[in-house]
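[1] My questions concern the predicted model and sequence given below.
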Amino acid sequence: MLRLILNKIGLLIPTFIGVTIISFLFIRLLPGDPVLLLAGERGITGDRYADLMHQFGFDQPLWRQYLDYLVGILHGDLGTSISTRRPVISEFFTLFPATMELSLCAIFFAVVVGLPAGVIAALYRGKTPDHAVMTTALVGYSMPIFWWGLLLIILFSGILGWTPVSGRISLLYYFPSVTGFMLIDSLLSGQAGAFESAVSHLILPTIVLGTIPLAVIARQTRSAMLEVLDEDYVRTARAKGLAPFRVIGLHALRNALIPVITTIGLQIGVLFAGAILTETIFSWPGIGKWMIDSIFRRDYPAVQGGLLLIAIIVMLVNLLVDVTYGLINPKIRHTR
Amino acid sequence: MSETTLASSGPTRATGRLALLKEFWQYFATNRGAVAGLFFFVAIILIALFANVIAPHTATDQYRDALLVPPAWTSGGDARFLLGTDAVGRDILSRLIYGSRYSLFIGCVVVSIALVVGICLGLLAGAMRGWVDTIIMRVMDIILSFPSLLLALVLVAILGPSLTNAMIAIAIVQQPHYVRLTRAAVMSEMSRDYVTAARVAGVKGMRLMLVTVLPNCMAPLIVQAALSFSTAILDAAALGFLGVGAQPPTPEWGTMLAEAREFILRAWWVVTFPGLAILFTVLAINLFGDGLRDALDPKLKRS
């Protein structure tokens, strides 16, 4: 097992180096001189220009610049944001809990609804429930989620007035951030109504971000269940006269879950892409909105750092999924 | 689908392209959703081709006397504007009709670039093996470790916001999937007898790869092309919505949504219809693509 993990990590190293090269090249590929870009529209004197060139290391050869960049990354130095003058890495991890809270809620919503839906579709194969679930899943899979979010705002915030339009919590509440997760912090603050406010702000973004993973999980669960239900051991369990619920829950679902868990893990990339759109629509102060704002503010160090950190997070989660897959799948566990 | 697959599939089946197409259609037609998707898609192609005939107004005509007019069937609607008008008095139906041109164009361009580049790299990796293969596949892994929309966004930030650059960015993000598919298919085909036979007969290099091997690798690529057509439309609309894709006043559906955002609580129709257009188009292509996969992929064929 340890060998499997080390092997996977070994495979990640070239990808990690490649990712750093891409994020390194990002600033160099931008049209125009990087220092002039940093200086903005006010312009810059010749002395100051040479000074800055030296300070950022742009007068060094490219390979040297890259090595310096890599050493910086390994020390946790991802540069300084132009707009806030704060280190990019602390900026990122201040906002990250907001995205993580939203993503966790979205994936929770997707699993809680998608998994049973997929099981029901498989059990009623070819009948009305199957068609209903699969049609809904296909619509969800084809959904432009930025439009879906706007529709939900029109209905639930505009017409019904049930949920707020944007943000993480009502401005009426203020408490220090302990964990960065609004749901937990609002409970810890002990203020009446704070938790309810946090939940009501979270509902629509959760649905929007969870829609595509939900559709993918439902489809994947259905096909995994169908495959397992045809297996001999399920037929044996049925023939022995086990209760249907026991056959499905204990024998079939447990084995069908193996590919489904992989699917859930692989949704991380979809979640980050979706977070950019969802956070923009709901003004959710997380990584996605920060990335988009940084691009528009031409805060390139922030974009560069964010790009790298997101890629690293996606890589690590995929590694985790691979390892979990090895742990729960006896076929892989025992061959190594 | 060349003769080689037919020869191996048994002597009792009719051969020839026509018979093959007929067999494909028989499988395909059993899936009613797929057929509906295909018809809807053909309808959109026709709408796009004849947009200037069908559309009641042009995409940019502004009717200053009719700002934010609701759809014709609601109270306050105007029979001239079936789906209402937007904030500067442009007919939404006409803009949607012209917008279909952009969506189809985006899909075609993105899929063509991704398909051609992906097939070339995939053939190269699958045929050469060794360090060429390693380098190509590592680069693809690197591209795939970024969330696709994020990478496309950053690429557009480098290239500058425009529809052309958005299409290039989306194509770059999509082509690793084609590379992987082509490489896998080429590697499994290369060990087949007919390839050995062709080699013995003296076929080599480009001819071996493009004429002998590639046609037998097409089935998964066609399915991927259909499915990534819809992804391309969605991603381009998302980029347009974020303001880095097609720029106003282009009647691209995502860009229309971006312009409509500030009116969501006042004029539901400005927001609803462009989104419906995206949803239905993407849905139709996905239905069609799923049917195509069932009909082309023998492993998933219904028994």
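    Received it, and whenever you're ready, just let me know what you need.

[2] In the stretch 151-300 of chain B, what residue spans correspond to helices?
    Using DSSP state H, counting those that start in this stretch, the helices of the stretch 151-300 of chain B run over B:163-190, B:193-200, B:205-207, B:218-242, B:253-260, B:268-296.

[3] from the chain's centre, how far out does the shortest one sit?
    Centroid displacement of helix B:205-207 relative to its chain, using C-alpha atoms, centre = their mean, to the nearest Å, is 29 Å.

[4] average pLDDT for it?
    Mean per-residue pLDDT for helix B:205-207: 80.

[5] got it, and the longest one?
    For helix B:268-296, the mean pLDDT works out to 91.

[6] where does the stretch 1-150 of chain A have low pLDDT?
    For the stretch 1-150 of chain A, the stretches flagged by pLDDT under 70 are A:1, A:32-34, A:37-43.

[7] Which residues of the stretch 151-300 of chain A lie near chain B?
    Applying C-beta under 8 Å from any C-beta of the partner chain, one finds that the stretch 151-300 of chain A approaches chain B through A:151, A:153-154, A:157-158, A:269-270, A:272-273, A:276-277, A:280, A:291-292, A:295-296. The C-beta positions use only the backbone N, C-alpha and C, and glycine is treated the same way.

[8] Name only those of the residues you listed that count as buried.
    Neighbour counting by 16 or more other C-beta atoms under 10 Å in any protein chain shown classes A:151, A:153-154, A:157, A:269-270, A:272-273, A:276-277, A:280, A:291-292, A:295 among these as buried.

[9] where's the dip in pLDDT among the residues you listed?
    residue A:269 (81).

[10] how about the closest residue to that residue other than its chain neighbours, phi and psi?
    Once flanking residues are discounted, residue A:269 sits nearest to residue B:147: 4.4 Å by C-beta to C-beta, 6 or more residues apart in numbering or on different chains. Phi and psi for residue B:147, reported as degrees, to the nearest 10, are phi -60, psi 130.

[11] Please apply the same query to residue A:87.
    Taking degrees, to the nearest 10, you get phi -60, psi 140 for the backbone angles of residue A:87.

[12] So it versus residue A:21, what's the distance?
    22 Å (C-beta to C-beta, to the nearest Å).

[13] Which one's more surrounded, the two?
    The neighbour count for residue A:87 versus residue A:21, taken as other C-beta atoms under 10 Å in any protein chain shown, is higher for residue A:87 (17 against 14).

[14] pLDDT weak spots in the stretch 151-300 of chain B?
    B:297-300.

[15] Enumerate the residues of the stretch 1-150 of chain A near chain B.
    A:14-15, A:18-19, A:22, A:26, A:29-31, A:138-139, A:141-144, A:146-148, A:150.

[16] returning to that earlier point: correct me if wrong: the residue nearest to residue A:269 contacts residue A:273.
    Yes - Residue B:147 lies in contact with residue A:273 (C-beta atoms under 8 Å); the separation is 4.2 Å.

[17] what pLDDT does residue B:138 get?
    89.

[18] thought it was touching residue A:19?
    No - checked against C-beta under 8 Å, the pair residue B:138 and residue A:19 is beyond contact range at 11.0 Å.

[19] Which one's more surrounded, those two?
    The neighbour count for residue B:138 versus residue A:19, taken as other C-beta under 10 Å, is higher for residue A:19 (23 against 15).

[20] measure residue A:53 to residue A:76 for me?
    Residue A:53 is 25 Å from residue A:76, by C-beta to C-beta.

[21] Looking at these two now, which is surrounded by more residues?
    More crowded of residue A:53 and residue A:76, by other C-beta under 10 Å: residue A:53, with 15 against 9.

[22] What residues does the more buried one make contact with?
    By C-beta atoms under 8 Å, 6 or more residues apart in numbering or on different chains, residue A:53 lies in contact with A:35, A:59.

[23] And it, how far from residue B:266?
    51 Å.

[24] could you say which helix or strand contains residue A:280?
    helix A:268-281 (DSSP states H and E).

[25] just checking, what packs against that helix?
    helix A:88-123, helix A:145-152, helix A:194-229, helix A:287-296, helix A:300-328, helix B:148-159, helix B:218-242 (3 or more C-beta pairs under 8 Å, 6 or more residues apart in numbering or on different chains; DSSP states H and E).

[26] Show the subsequent helix or strand relative to the second one.
    I take that to be helix A:145-152. helix A:182-189.

[27] ok, and what's touching that next one?
    A:98, A:101, A:168-169, A:173, A:175-179, A:194-195, A:197-199, A:201-202.

[28] cutoff 6 Å now
    With C-beta atoms under 6 Å, 6 or more residues apart in numbering or on different chains as the contact definition, helix A:182-189 has outside contacts at A:168, A:169, A:175, A:177, A:178, A:179, A:194, A:195, A:198.

[29] who's in contact with the first one?
    Contacts of residue A:168 were listed using C-beta under 6 Å, 6+ apart, and they are A:182, A:201.

[30] so how far is residue A:156 from it?
    From residue A:168 to residue A:156 the distance is 17 Å (C-beta to C-beta).

[31] next SSE after the host helix or strand of residue B:48?
    Assigned by DSSP H and E, residue B:48 belongs to helix B:32-49. Downstream of helix B:32-49, the next assigned helix or strand under DSSP H and E is helix B:51-54.
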